[in-house]
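J.: After the sequence you'll find the predicted model.
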Amino acid sequence: MTMADDTDEPVDEIGVDTGGTFTDVVTRDDGSLRVHKRLSTPDDPSRAIGEGVAEVTAATERLQRLIHGTTVATNALLERDGAHLALVTTAGFEDLLSLRRQDRPSLYDLDISRTPPLCEGEACFGIRERISPDGEVLTELDASSVGATVQAIRQGDFGAVAVCLLHAYANDDHERRVVETLREQLDIPVSASHEVAKVFREYERASTTAVNGYVAPTMERYLRRLESRVDCDDIQILQSSGGRVGIDLASRFPVHTVLSGPAGGVVGARAAAGQVGVDDVMTLDMGGTSTDVSLCRGDVSLSQSATIDDLPIQVPAIDIHTVGAGGGSIGHLDSGGGLRVGPESAGADPGPVCYGRGGTRPTVTDAHVVLGRLRADAFLGGDMALDVEAAKRAIGELAEDAGLTEREAARGILEVADAKMTRALKVISLEQGHDPRDFSLVAFGGAGALHGCRLADRLGMRRVIVPINPGVLSAWGMLHADFQRLVQGSVLAPVDDVLARPEDLRDHLAELVDEAVGDLDTSAEAFDWEVVAQLRYEGQSYEVDVPVDWPVAVDREVDGPFEDPSDDFERAHERLYGYRAEDRSIELVGLRLKATRPRSGPGGPRTADDGESGPSSWSEATVGFADGDHRATVAARSSLTSGVTLSGPAVVTEYSATTVIPLGWRAEHRDGHLVIDREEP
Amino acid sequence: MNAVELEIFRQLFSSVAEEMGATLMRSAFSPNIKERRDFSCAIFDAGGEMVAQAAHIPVHLGSTPLSVAAALEAVDMGREGHAILNDPFNGGTHLPDITVVSPVCGPEGDVRFYVANRAHHSDVGGISAGSLPLSSHIDDEGVRIGPVRWGDDVHQRICEASRTPDERRGDLQAQIAANLRGRRRLQEQMERRGSRIWSAAEDLQDSSERFMASTLAEMPNGQWTFDDVLDGDGRGNGPLSIECSLEIQGRRATVDFSETAPQTEGPVNAPRAVTVSAVLYAFRCLVGDQMPSNGGYMRRIDVQTEPGSLVDAEYPAAVAAGNVETSQRITDVVFGALAECVPGQVPAASCGSMNNVLIGGRDPRGGDDRAFTYYETIAGGSGAGPGFDGADAVHTHMTNTLNTPVEALEHAYPFRVVEYRVRRGSGGSGEYCGGDGVVRSYEFTGPAEVTLMTERRDHAPWGLQGGGDAARGRNLLVRDGREETLPAKCSIEVDAGDLIRVETPGGGGWGRPEG
């Protein structure tokens, strides 16, 4: 693997996002941007990519770089179609993955059936050894039990191994030796917890390592196929953190991609906002069954732990909060008389009632259709007829049961869906100590722009941005992703002690630097470095991330200064939890380093300016809003060109999305994106 | 209030309660709160009726309202103050559970809501570390508080009584922070939504009552009884009988515990609040999880208890384990009676014990020989039911706390976990098999005091419809290579090299096994 370009000059590159239905290919060459959509080939997603890329690059000479967001690892995990996995752990703890955290996911459900762990029973092996939390060896590694385990795994027809020994985050010596032996003697991928996620809490670390092992062979095969199908030396893979890495790292650590599905959209949303001069945004990606929200304050927010299909994984991922409200979410009355929306969804098949494919229960999309917000004549550019009458019948039945009028019921469905999404937006802002009024909302996905302004209203936000071509935002986002590596290390010591020994701190940072870029053939100076200190009051369990301006010891010569982050921590703690505990000492739990090779992504495409029609093409229609029906302007997005503004009430239609602009909001076209501002009251 | 508003307000209240919980968990200091999440947060209306509870710990469900009622009656909290209590005979359940109640005033300055949270503190004094002792009098169990107005003096009293005052200080601060967060959020909403929010509180309770009424309407009318026993009270008395008579009549249910044994010497007595919680929990499981989480549905269920009995303890009964052990048996007998009423909906008995482990001593690491107390509960198997196997190694019914990660535990305390596994074969057999219990072993590196408060060591969790019983639990001490079975409830001194092994019960099987 090489990192070919060292310049900021634009190169010919392609962003590829494979979804369940479509494979989106976005190309940039000579500064111009093109978008292609192809049907996906789920049996081997690389086929659609290969064909799509070949088609696109036929005209150009040679593809310099391909940036790819893939759900191959995610799907292998969700469909339980990964490797036959063996787990190696400290003797006595073989059932680690079955024991989980001993809680049940749903409090009042008497059937506690859970998805089985990735490996259990006979597939779990214990090694006699023990290390203390301080890294002291309590029981030496027992060579004979290592040997016996290797033997058993060899005979067991396993496809991958995950190794997680107790306290390996504090001292990985035993784990390293076990892993070395396994790698020497077996020819299957071995995932080691100290390499995959060097964090404390054994279940979460073991689970992360197991996920990595489970999907590793599938990912490796896939990436090899992709390499053979695409003529390109520099293939990079999007990570759950929104950064991208080379294909080698991606195949060694596929766990970093399992949450990358929505990451491209967030990166794209942030890039779109950046192009219109906005740094602080919340993103709203509303699809058919659910909605993903995230918050970017300058940069994307990262979380260190997430859950996928009941399995915790502790790797950096864009902090995305998901709620079960999407266009296909079904509205129904519960037996206490409340109107619920979701989590049940009509999905793509049969889909909403208005699709006329057999759906009978009213969905969010049907409510939009009934209220005239989704224009029956403009859906998918008029390619798909919508059955408005059927939607009305379905909503009408619900209305009758609830004692509401048809339009009230339709508005009600939207209002309940909005309440769920508002709650999600509050979780990522207010609950984290951020005031939503300081943010703009970037709305995308099939249904995001239908709800964006209303959600912004509810939260006191004053600007909504609907990016260009919201349907392929993810592929476009990949072209904006930074080349990035994130590494972390445990410290677990009072921050005062750490600062008292600057040379140790310098060495620790230097080790992390090595870990981040040591295996790349690029020097550390080529990167921008950010250091985050994970701090807490001694005795707490949850850390607060505090960015610190510490010099990164790229050459091991720098000895600081390492400024004391205590004040920043206490301010953050007060913002988050409402108090400071000034008499307590502050503990440095760990350090996180981010190495970034920043890049200049492509500018906004010019395609939106191609539209030749202006306001003269606009029409009027009656449209239902939260405060009742209004005569609204209906405009095609292509009619909005630079210098044209459009005040609500209005509906803007385009191929894959519709934007609703309520009274009091005004939209304008800027750099290809739609910027909608609240007009001064 | 229409269907749309009802749902919007339901979401609003539950999001506030959940945010309170997040604040408490993230800023607390004891592993019991921050890792195991042994706490609950809820919102009450001005009359003290529960409007919303976050999905935390079931045993707090029916009991927190009584805390709020007691606080309202006894304490002038003013507009900005807080009340605090843990007295089992005046709004509490057992002494480690400390509840903080705070009024929330509307724009005109009158109280419109209360917010409350309850957290299990890992030591509040008493005769053994962890404050779940083999007591015979409430005064042996720790400091007994109020309800009183929160202030430095009561704070001081709790910290002084505790073996680990520093942790108490941090946890209490986090409890106050959680209520302040809830107060602020509700005030923001009141400013925005005005009086609609007060009427919503009432309508949501009506909604939950309708849920329960429609569930009861589908159940046959009649009367059923079921009885089961506690192994004993840890002071030589037992088995102790708990009997429940269930009557369904139209859209109402009566659950009568009058035939239950009188209160006993040892600490397994349950205050009535605990009994009410167990009944509420069992009925709530039948309704399903869409029901708004508030007290409205309780109006359909009448719980009868005899004061002075095992399930309605009076002063000065010892109650330390009533909340954690007896509550599970009360749940079992309610489900047992329900199984006769609606056989196709009720699973076999689950593990039936929280398998409480308390360890106290001094930590030689760090040089200051600091006192420590540690509390945890160990999961067991869940009962199999019609159409499903039981789950292995999971907390059931009245608790849902997490385990403490071994790596976190060993970082914080001077003893080790040397074995933690699924106890294979401990679930009951059947057409559907019960879940397996857990084995967890602790090795000590110095002197410590260990209290075990466990159940189902003599009387196994039962199967249903021909399914087999689960294996009973076992507590073992391994000393100098010799294995000794410990009583279900005991306090013992251990020393370096000793090992304690707890094997928890599985869940019962459901349906006759094939062949």
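T.: Sure, I can see it.
J.: Extract the C-alpha trace of the strand or helix carrying A:Ala54 and format it as PDB.
T.: Applying DSSP states H and E as the criterion places A:Ala54 in helix A:45-57. C-alpha atoms of helix A:45-57 as PDB (Å, rounded to 0.1, in the frame of the first residue of the first chain):
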ATOM      1  CA  PRO A  45     -20.700  -5.900  -4.400                       C
ATOM      2  CA  SER A  46     -17.300  -5.500  -6.100                       C
ATOM      3  CA  ARG A  47     -18.900  -6.400  -9.400                       C
ATOM      4  CA  ALA A  48     -21.100  -3.300  -9.600                       C
ATOM      5  CA  ILE A  49     -18.200  -1.200  -8.500                       C
ATOM      6  CA  GLY A  50     -15.900  -2.700 -11.100                       C
ATOM      7  CA  GLU A  51     -18.400  -2.200 -13.900                       C
ATOM      8  CA  GLY A  52     -19.400   1.300 -12.700                       C
ATOM      9  CA  VAL A  53     -15.800   2.400 -12.300                       C
ATOM     10  CA  ALA A  54     -14.800   1.000 -15.700                       C
ATOM     11  CA  GLU A  55     -17.600   2.900 -17.300                       C
ATOM     12  CA  VAL A  56     -16.700   6.100 -15.600                       C
ATOM     13  CA  THR A  57     -13.000   5.900 -16.200                       C
END
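J.: Mind listing what's buried along that helix?
T.: For helix A:45-57, the neighbour count (16 or more other C-beta atoms under 10 Å in any protein chain shown) marks A:45-50, A:52-53, A:56-57 as buried. Every C-beta, even on glycine, is put in place using the N, C-alpha and C of the backbone.
J.: which residues in the stretch 51-200 of chain A form strands?
T.: A:65-69, A:85-90, A:124-127, A:130-131, A:137-139, A:160-164, A:190-192 (DSSP state E, counting those that start in this stretch).
J.: Name every strand pairing with the shortest one and say which way it goes.
T.: Strands that pair with strand A:130-131, judged by DSSP bridges, come out as strand A:137-139 (antiparallel).
J.: And the contacts of the partner strand?
T.: For strand A:137-139, contacts defined as C-beta atoms under 8 Å, 6 or more residues apart in numbering or on different chains pick out A:128-132, A:171, A:173-174.
J.: if you set the cut-off to 7 Å instead, what comes out?
T.: A:128-132 (C-beta atoms under 7 Å, 6 or more residues apart in numbering or on different chains).
J.: closest one to A:Asp310 among the strands of the stretch 51-200 of chain A?
T.: For the strands of the stretch 51-200 of chain A, the distance to A:Asp310 is smallest for strand A:85-90, at 16.1 Å, taking C-beta to C-beta.
J.: tilt between the closest one and strand A:160-164?
T.: Relative orientation of strand A:85-90 versus strand A:160-164 (axes from the mean of the first three to the mean of the last three C-alpha atoms, to 10 degrees): 20 degrees.
J.: In terms of secondary structure, what does strand A:85-90 contact?
T.: strand A:124-127, strand A:160-164, helix A:202-229 (3 or more C-beta pairs under 7 Å, 6 or more residues apart in numbering or on different chains; DSSP states H and E).
J.: Let me know the angle separating the helix holding A:Ala54 from strand A:65-69.
T.: 140 degrees.
J.: Turn the contacts of strand A:137-139 into TSV, columns for pLDDT and neighbour count.
T.: As requested, these are exported to TSV (pLDDT from 0 to 100; neighbours: other C-beta atoms under 10 Å in any protein chain shown):
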residue	pLDDT	neighbour count
A:Arg128	98	16
A:Glu129	98	24
A:Arg130	97	20
A:Ile131	97	23
A:Ser132	96	17
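J.: want to throw the residues you listed into CSV with distance to A:Met384?
T.: Converted to CSV, the contacts of strand A:137-139 look like this (distance: C-beta to C-beta, whole Å):
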residue, distance to A:Met384
A:Arg128, 64
A:Glu129, 62
A:Arg130, 63
A:Ile131, 61
A:Ser132, 64
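J.: ok, of those, which one's closest to chain B?
T.: A:Ser132 (6.9 Å; C-beta to the nearest C-beta).
J.: Is it correct that the closest one is in contact with A:His167?
T.: Yes: A:Ser132 lies in contact with A:His167 (C-beta atoms under 7 Å); the separation is 6.5 Å.
J.: picking up where we left off before, tell me which of the buried residues of helix A:45-57 is nearest to chain B?
T.: A:Pro45 (35.1 Å).
J.: ok, that closest one - contacts?
T.: A:18, A:70, A:72.
J.: mind checking how far it is from A:Val427?
T.: Taking C-beta to C-beta, to the nearest Å as the measure, A:Pro45 falls 33 Å from A:Val427.
J.: which residues sit against the least confident helix or strand in chain B by mean pLDDT?
T.: Within chain B, no helix or strand scores below helix B:31-34, which has a mean of 83 by mean pLDDT, DSSP states H and E. Outside helix B:31-34, the residues that touch it by C-beta under 7 Å, 6+ apart are A:540-542, B:24-25, B:28, B:38-39, B:119-120, B:122, B:171, B:375, B:404, B:408, B:412.
J.: got the residues of the stretch 151-300 of chain B near chain A?
T.: B:167, B:170, B:173, B:177, B:180-181, B:207-208, B:210-211, B:214, B:284-285, B:289-292 (C-beta under 7 Å from any C-beta of the partner chain).
J.: Keep only those of those residues that are in helices.
T.: Residues of these located in helices (DSSP state H): B:167, B:170, B:173, B:177, B:180-181, B:207-208, B:210-211, B:214, B:284-285.
J.: Most neighbours among these, please name it.
T.: Highest neighbour count within those: B:Ser208, with 28 neighbours (other C-beta atoms under 10 Å in any protein chain shown).
J.: Hmm, B:Val287 and that residue touching each other?
T.: No: contact criterion C-beta under 7 Å: B:Ser208 and B:Val287 do not qualify, at 8.7 Å.
J.: Pick out the residue closest to the middle of chain B.
T.: B:Val59 (3.5 Å; C-alpha atoms, centre = their mean).
J.: Against B:Ser40, how distant is that one?
T.: B:Val59 sits at a distance of 9 Å from B:Ser40 (criterion: C-beta to C-beta).
J.: swap in B:Gln304?
T.: B:Gln304 is 25 Å from B:Ser40, where distance means C-beta to C-beta.
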